[in-house]
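Participant: My questions concern the predicted model and sequence given below.
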Amino acid sequence: MSADAPTDDICKTCEKPPALCVCDAVTPVDNHVAVVILRHPQEQDRLLGTARIAVLQLKNAVLKTGLSWPSLARLVGQDVDPKRWGVLYLGTAKTSAPLAPRPLTVVDKAGEAMADQDDILAGLEGIILLDGNWQQAKALWWRNAWMLKCRRLLLQPPRASYYGNLRKEPRGESVSTIEAAAYSLAALAHDEALAERILPPFKRLLEKARAAKPEPKRDYRRRGADGKPRRPQRAR
Ligand SMILES: [Zn+2]
């Protein structure tokens, strides 16, 4: 199976090849805070990408593929206050002080944690996630100036990505797009269990992917004492 499998051999619903179709694991979950996933048009990880699965699994979520949108209002199709929307910023925190041990932190343009965290998070109506590799996510960030008016959110995932050794390309400490959505929504809802209700189709995808390919070299599987992989992973 290869990433350039013919498109007629792709499940129309989950966009996976038949061997990796996860439709039977999809059980849509109610999410109070809306999710908008912006997917870079060159995002090509058909096999392990999770944006499509995320919008299947979340009742209040949309996936948009493109490079730029004129405004948040045009993107979501209604007049909204950008201050009530957060963009999951994929960079590492450039804060002068360590971030508080909380899953989501609102930072200002300088990357410093803002004072009124709880109020801002409680007021969020939606979150935006950028789907693609690091360069693609950065391109989306810079091409959509309206994002600067939104809240900037830093996610500290509660655990290493379930991708484990399946994703080898180094890229910051990150998780898949669906994991980022799940952990963010769980944090906003103050409901840790919510993440585990969102992730089953992703876990099914990984099971199938592991079954479909031989085990990689053992070195990839080594983990640090904290349970986090030593090799950084790539966000999708
Ligand atoms: Zn499917």
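Facilitator: In hand now; what should we look at?

Participant: Identify the residues contacting the residue lying closest to Lys83 once chain neighbours are set aside.
Facilitator: In space, Lys83 comes closest to Arg151 once its chain neighbours are excluded; the distance is 6.6 Å by CB to CB, 6 or more residues apart in numbering. For the C-beta atoms, the positions are set from N, CA and C on the backbone; glycine is no exception. When contacts are counted by CB atoms under 8 Å, 6 or more residues apart in numbering, Arg151 touches Lys83, Arg84, Trp85, Gly86, Val87, Val106, Ile120, Leu124.

Participant: Apply 7 Å and report the result again.
Facilitator: Taking CB atoms under 7 Å, 6 or more residues apart in numbering as the contact definition, Arg151 lies against Lys83, Trp85, Gly86, Val106, Ile120, Leu124.

Participant: Show me which residues of the chain sit near the ion.
Facilitator: Cys11, Thr13, Cys14, Cys21, Cys23 (CB under 5 Å from the ion).

Participant: Let's see that with 8 Å instead.
Facilitator: Within the chain, the residues that sit near the ion (CB under 8 Å from the ion) are Cys11, Lys12, Thr13, Cys14, Glu15, Lys16, Pro18, Cys21, Val22, Cys23, Asp24.

Participant: What is the least confident helix or strand in this protein?
Facilitator: When each helix and strand of the chain is scored by mean pLDDT, DSSP states H and E, helix 134-143 comes last, with a mean of 91.

Participant: Can you tell me the strand partners of the helix or strand just after it and which way each runs?
Facilitator: Toward the C-terminus, helix 134-143 is succeeded by strand 151-155 as the next helix or strand (DSSP states H and E). In the sheet, strand 151-155 lines up against strand 85-88 (parallel), strand 104-107 (antiparallel) (DSSP bridges).

Participant: For the next helix or strand after strand 151-155, what does the pLDDT average out to?
Facilitator: Counting by DSSP H and E, the next helix or strand C-terminal to strand 151-155 is helix 177-189. The average pLDDT for helix 177-189 rounds to 96.

Participant: And for stretch 10-29?
Facilitator: 96.

Participant: tell me the centre residue of this structure?
Facilitator: Thr177 (2.0 Å; CA atoms, centre = their mean).

Participant: Which of the contacts of Arg151 ranks first by neighbour count?
Facilitator: Within the contacts of Arg151, Gly86 tops the neighbour count with 28 neighbours, counted by other CB atoms under 10 Å.

Participant: Let me know whether that residue touches Cys150 as I believe.
Facilitator: Yes - counting by CB atoms under 7 Å, Cys150 is a contact partner of Gly86 at 6.1 Å.

Participant: buried ones in the least confident helix or strand of the chain?
Facilitator: Within helix 134-143, the residues that qualify as buried are Trp134, Gln136, Ala137, Ala139, Leu140, Trp141, counting by 16 or more other CB atoms under 10 Å.

Participant: ok, so of the residues you listed, who is nearest the ion?
Facilitator: Within those, distances to the ion taken as CB to the ion reach their minimum at Gln136, with 23.9 Å.

Participant: All the strands of the protein, residue numbers only.
Facilitator: Using DSSP state E, the strands of the chain run over residues 34-39, 61-65, 85-88, 104-107, 126-131, 151-155.
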